[in-house]
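Q: coords please:
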Amino acid sequence: MVGGEFIIHFSEADCETAIEIAEKLRTWIEIESFSFFTNERVSLTCSFGISTFREDILIKHAISDADRALYRAKGEGRNKVVVFNEQNPLTSEVGE
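A: Next up is the predicted model:
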């Protein structure tokens with residue numbers, strides 16, 4: 001089953017806070033089981049890509065950076081939090 005993508009915007013959070021929140025969400029989703037249209041329970045995992053937004057960059061670039069981090073998380077085995085590293089886009093900080 002394939003999931004969708006969505007954006008969570010933290011207007012007053014720094015990168016560390018965003019990582020903490022994403023990790024809490026990731027862990028909660030991993031631990032819980034869900035039922036949708038039947039009584040059958042299913043387990044889910046999720047990946048997060050995080051980027052920071054500054055006034056000197058366009059929002060579409062911040063979204064693109066987060067998307068790159070997300071696909072890196074998926075490529076590294078999924079169920080991870082990855083932060084886009086603007087100094088070296090080929091590396092990233094990984095939270096697990």
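Q: Please look at Asp65 and Ser51 and confirm they touch.
A: Yes: A contact is recorded between Asp65 and Ser51 when judged using CB atoms under 8 Å, the distance being 3.6 Å. C-beta here means a position set from N, CA and C on the backbone, and glycine is covered the same way.
Q: anything in contact with each of the two?
A: Contact criterion CB atoms under 8 Å, 6 or more residues apart in numbering; residues bridging Asp65 and Ser51 by contacting each: 84, 86.
Q: Tell me who's in contact with Cys46.
A: Counting by CB under 8 Å, 6+ apart, Cys46 has contacts 3, 25-26, 29-30, 79.
Q: Now stretch 42-56: average pLDDT?
A: Mean per-residue pLDDT for stretch 42-56: 87.
Q: now the end-to-end length of that stretch.
A: For stretch 42-56, the separation between the terminal residues is 43 Å (CA to CA, to the nearest Å).
Q: that older thread, what is the lowest-pLDDT residue among the contacts of Cys46?
A: Looking at those, model confidence by pLDDT dips furthest at Gly3: 67.
Q: looking at this protein, which helix or strand is least sure?
A: Per-element confidence for the chain was summarised using mean pLDDT, DSSP states H and E. The lowest value among helices and strands belongs to strand 92-95, with a mean of 52.
Q: contacting residues for the spatially most central residue of the chain?
A: The residue at the geometric middle of the chain, judged as the C-alpha nearest the mean C-alpha position with CA atoms, centre = their mean, is Phe48 (1.1 Å). Under the criterion of CB under 8 Å, 6+ apart, the neighbours of Phe48 are 22, 25-26, 69-70, 73, 80-82.
Q: what would these look like in JSON lines with distance to Asp14 and secondary structure?
A: Conversion of the contacts of Phe48 to JSON lines gives the following (distance: CB to CB, whole Å; DSSP: H, G, I helix; E, B strand; the rest coil):
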{"residue": "Ala22", "distance to Asp14": "13", "secondary structure": "helix"}
{"residue": "Leu25", "distance to Asp14": "17", "secondary structure": "helix"}
{"residue": "Arg26", "distance to Asp14": "19", "secondary structure": "helix"}
{"residue": "Ala69", "distance to Asp14": "16", "secondary structure": "helix"}
{"residue": "Leu70", "distance to Asp14": "20", "secondary structure": "helix"}
{"residue": "Ala73", "distance to Asp14": "20", "secondary structure": "helix"}
{"residue": "Lys80", "distance to Asp14": "20", "secondary structure": "coil"}
{"residue": "Val81", "distance to Asp14": "15", "secondary structure": "strand"}
{"residue": "Val82", "distance to Asp14": "17", "secondary structure": "strand"}
